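J.: Next input, structure requested:
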Amino acid sequence: MTGLLAAAAVAIALVAAVVDWLMTHWWILIATGMLTLLAGGGWLYQRRQRARWDAVRAQGLRYGLAQLDALHHARFEEAVRDLMRRDGCRDAIRVGGGGDLGADVKATDPYGRRWVIQCKHRRNGLAGFAVGTPDLQVLNGTARQVHGADIAVIVTNGRVTAPAVAFAKQQHLHVVDRHTLAVWASGSRPLWELLHAVPPPRRPTTLS
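T.: Below you'll find the predicted structure:
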């Protein structure tokens, strides 16, 4: 008990000494507070500036077909994600990889519609293997049932077979072939303006 009392007395004396010192050197508290505010303000300013520059870069994002052809397939998926972000889909993410169940990119557009995109990159462009009906069947089997898509899309920098195009139309899927990809990637029009028969907006927006 005596030891506890002694320790308490020492602690009280230390606290009193610190308070007395701070009262004597009050300007240090003010200076510290001002420095903290300045540092916090600088951090917020830099964060906002980064957000502004990211938005500017996204708005100006462009790709040529030669650039897209040269990408690794994973980078191609990232390019598609970034184009969706450019179009205003702030939550666009790349989910491609093993076990993606047919979804390489997911996004919600400004109209509230959920997009599920499967990417088929061909390093040789039109000379590569054509996207066929089996590729569309995978998308058709998972996009709506598994991923909750309103709009299911397959994007390729290569060719798409005629039966695959017919199957996509029958199943209300959307095909972005090399020609459509070139227009989308090099321009400023959002993807939904380049596709036919997209569903109506889910909710009213400033864009609708």
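
J.: going forward, measure contacts and count neighbours with C-alpha atoms only.
T.: Noted.

J.: Tell me, how many residues neighbour the residue lying closest to V95 once chain neighbours are set aside?
T.: Leaving out its chain neighbours, the residue that sits closest to V95 by Cα to Cα, 6 or more residues apart in numbering is D104, at 5.0 Å. D104 is flanked by 22 other residues according to other Cα atoms under 10 Å.

J.: try R81
T.: 24.

J.: Verify the stated contact: it with A92.
T.: Yes: using Cα atoms under 8 Å, R81 is in contact with A92, at 5.8 Å.

J.: shared neighbours of those two, anything?
T.: Contact criterion Cα atoms under 8 Å, 6 or more residues apart in numbering; residues shared by R81 and A92: V105, K106.

J.: in the protein, which spans are helices?
T.: Along the chain, counting by DSSP state H, helices occupy 2-24, 26-59, 65-70, 73-86, 133-142, 162-170, 178-186.

J.: In space, what's closest to Y111 - neighbours in sequence excluded?
T.: P201 (4.8 Å).

J.: per-residue pLDDT, W192?
T.: On pLDDT, W192 comes in at 96.

J.: correct me, but it touches P201?
T.: No: between W192 and P201 there is no contact under Cα under 8 Å: 10.9 Å.

J.: any weak-confidence spans in the protein?
T.: 1, 3-5, 8, 22, 29, 42-59, 96-100, 203-208 (pLDDT under 70).

J.: what does the domain assignment say about it?
T.: Residue ranges for the domains of the chain, per automatic domain parsing: 2-59, 65-193.

J.: among the ones you listed, which is the most enclosed?
T.: domain 65-193 (a mean of 19; mean count of other Cα atoms under 10 Å).

J.: From S188, how far out is the spatially most central residue of the chain?
T.: In the chain, the residue lying closest to the centroid (Cα atoms, centre = their mean) is A92, at 3.4 Å. Between A92 and S188 the distance is 17 Å, computed by Cα to Cα, to the nearest Å.

J.: before we move on, what about R85?
T.: 12 Å.

J.: what do you get for C119?
T.: In terms of Cα to Cα, C119 sits 20 Å off from S188.

J.: same question, A16
T.: 66 Å.

J.: Also A143?
T.: 26 Å.

J.: Kindly report the same for L173.
T.: 23 Å.

J.: Contacts for stretch 133-141 next, please.
T.: Under Cα under 8 Å, 6+ apart, the answer for stretch 133-141 is 101-103, 118, 152-154, 161, 163-165, 167-168, 171, 173.

J.: er, stretch 142-155 actually
T.: 101-103, 113-120, 136, 139-140, 173-177, 181, 198-199.

J.: Would you mind measuring the gap between the ends of it?
T.: 16 Å.
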